[in-house]
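Undergrad: Give me a 3D structure for the following:
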Amino acid sequence: MDLRIFTEPQQGASYDTLLSVAKAAEDLEYGAFFRSDHYLKMGDADGLPGPTDAWITLAGIARETSRIRLGTLMSAATFRLPGVLAIQVAQVDQMSGGRVELGLGAGWYEEEHTAYGIPFPQARIGRLEEQLAIVTGLWGTALGETFDFDGAYYTLKDSPALPKPVQSRIPVLVGGGGPVRTPALAARFADEFNSAFQSVQDSAEQFGRVRAAVAEAGRKPSELVYSNALVACVGKDDAEVARRAEAIGRSVEDLRENGVAGTPDEAAEKIARYAAVGSQRIYLQILDLDDLDHLALIAERVRPQLG
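TA: So this is what the prediction gives:
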């Protein structure tokens with residue numbers, strides 16, 4: 001089981017805070033540091049000091065780390081034109097020496113678009129499909145050749161398809177709970193399918209739909225990595241679990257039911273339940289970014305139990 005750290009900076013985090021978490025995650029040998037791609041807080045958080053851009057953040061962290069992989073869950077297709085996104089991600093891949101992964105979603109949070117003057121179109125899944133085709137197409141175009149695309153939403157003509165990433169193929173993550181179109185997009189474009197904040201049963205059902213769509217598309221279902229994103233709240237004892245739950249404004253009961261929470265043994269048992277239905281990777285959503293001891297506890301007491 002690959003454990004990765006997943007952050008939500010729109011809830012309130014500076015670049016320096018994110019860098020500290022990324023460096024701690026690297027030192028503790030987590031598989032990756034990922035962040036959300038949002039520009040507006042959610043819920044009761046104050047969001048201070050304000051939003052940080054996902055790909056600018058990852059560019060900076062790329063230059064200040066050396067081993068840990070870096071990526072987004074998920075970049076919103078509404079935020080960036082696909083050609084611009086392909087350039088940005090390829091450049092960060094160069095800056096990191098080939099450690100970048102792109103999670104790309106349709107975008108869903110209308111209020112953040114309104115707050116910052118970003119158009120929020122209705123036909124977002126269609127745009128996401130074209131963005132996935134364009135981004136992967138640009139990266140996959142051979143040097144010296146050009147890339148064309150004539151879609152309903154985007155048109156590219158005679159693109160030199162530069163720059164090229166360091167990786168021969170930057171891993172692409174697709175996620176979501178849609179029963180038909182989401183599995184179809186994963187089958188066409190994804191290297192990884194992510195089920196975010198879903199129960200074990202719901203994850204098992206969606207993994208099954210994705211595997212079926214992948215097979216129907218002529219690919220082997222084993223070509224994809226299947227993963228989950230879950231909030232983490234682990235303590236060495238019940239008192240520490242309660243303290244960490246209070247710090248993020250959640251109840252222990254809710255966290256135990258819907259996340260990776262409790263003592264290290266309880267957390268390991270919960271992860272094992274996801275592994276049993278095919279999950280190979282867990283993105284641990286860390287909401288208190290000042291609590292680096294939390295990362296250390298999971299690395300030292302939970303990860304060794306996972307095999």
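
Undergrad: in the stretch 51-200 of the chain, which spans are helices?
TA: Taking DSSP state H, counting those that start in this stretch as the criterion, the stretch 51-200 of the chain carries its helices at 54-64, 82-96, 110-116, 124-140, 181-189, 200-216.

Undergrad: how about JSON lines for those, with mean neighbour count, distance to residue 5 and mean pLDDT added?
TA: (Glycine included, C-beta is placed from N, CA and C.) Converted to JSON lines, those look like this (neighbours: other CB atoms under 10 Å; distance: least, CB to CB, whole Å; pLDDT from 0 to 100):
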{"stretch": "helix 54-64", "mean neighbour count": "20", "distance to residue 5": "12", "mean pLDDT": "98"}
{"stretch": "helix 82-96", "mean neighbour count": "21", "distance to residue 5": "16", "mean pLDDT": "98"}
{"stretch": "helix 110-116", "mean neighbour count": "14", "distance to residue 5": "23", "mean pLDDT": "98"}
{"stretch": "helix 124-140", "mean neighbour count": "20", "distance to residue 5": "24", "mean pLDDT": "98"}
{"stretch": "helix 181-189", "mean neighbour count": "22", "distance to residue 5": "23", "mean pLDDT": "98"}
{"stretch": "helix 200-216", "mean neighbour count": "18", "distance to residue 5": "20", "mean pLDDT": "98"}
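
Undergrad: Which one of those helices lies nearest to residue 289?
TA: helix 54-64 (12.5 Å; CB to CB).

Undergrad: and residue 229, what does it touch?
TA: By CB atoms under 8 Å, 6 or more residues apart in numbering, the contact set of residue 229 is 6, 73, 175, 194-197, 282-283, 285.

Undergrad: Sort out for me which of those residues are in strands.
TA: When these are checked against strands (DSSP state E), the matches are 6, 175, 194-196, 282-283, 285.

Undergrad: check contacts around the closest residue to residue 307 other than its chain neighbours.
TA: Nearest residue to residue 307 in three dimensions, chain neighbours excluded: residue 1, at 7.0 Å (CB to CB, 6 or more residues apart in numbering). By CB under 8 Å, 6+ apart, the residues touching residue 1 are 271, 275, 279-282, 303, 306-307.

Undergrad: Generate a PyMOL selection restricted to the buried subset of these.
TA: Selection of buried members from the contacts of residue 1 for PyMOL, criterion 16 or more other CB atoms under 10 Å:
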select buried, resi 271+275+279+281+282+303
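
Undergrad: Among the contacts of residue 1, find me the one that's closest to residue 219.
TA: Among those, and counting by CB to CB, the member closest to residue 219 is residue 280, at 16.6 Å.

Undergrad: That closest one contacts residue 225, correct?
TA: Yes: taking CB atoms under 8 Å as the definition, residue 280 is a contact partner of residue 225 at 5.3 Å.

Undergrad: coming back round to it: so can I have a markdown table of the ones in strands among the contacts of residue 229 showing distance to residue 258?
TA: Output for the ones in strands among the contacts of residue 229, formatted as a markdown table (distance: CB to CB, whole Å):
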| residue | distance to residue 258 |
| --- | --- |
| 6 | 15 |
| 175 | 17 |
| 194 | 16 |
| 195 | 13 |
| 196 | 11 |
| 282 | 14 |
| 283 | 14 |
| 285 | 11 |
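
Undergrad: Looking at those residues, which is nearest residue 215?
TA: Closest to residue 215, out of all of the ones in strands among the contacts of residue 229 and judged by CB to CB, is residue 195, at 18.3 Å.

Undergrad: what pairs with the closest one across the strands?
TA: residue 228 (DSSP bridges).

Undergrad: Spit out the contact partners of the residue lying closest to residue 35 once chain neighbours are set aside.
TA: Counting by CB to CB, 6+ apart, residue 7 is the residue found nearest to residue 35 once chain neighbours are left out, at 4.8 Å. Residues near residue 7 by CB under 8 Å, 6+ apart: 13, 18, 21, 33-36, 285-286, 289.

Undergrad: Include pLDDT when you put these into JSON lines, please.
TA: Below are those laid out as JSON lines (pLDDT from 0 to 100):
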{"residue": "13", "pLDDT": "98"}
{"residue": "18", "pLDDT": "98"}
{"residue": "21", "pLDDT": "98"}
{"residue": "33", "pLDDT": "99"}
{"residue": "34", "pLDDT": "99"}
{"residue": "35", "pLDDT": "98"}
{"residue": "36", "pLDDT": "98"}
{"residue": "285", "pLDDT": "98"}
{"residue": "286", "pLDDT": "98"}
{"residue": "289", "pLDDT": "98"}
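
Undergrad: Thanks a lot, catch you later.
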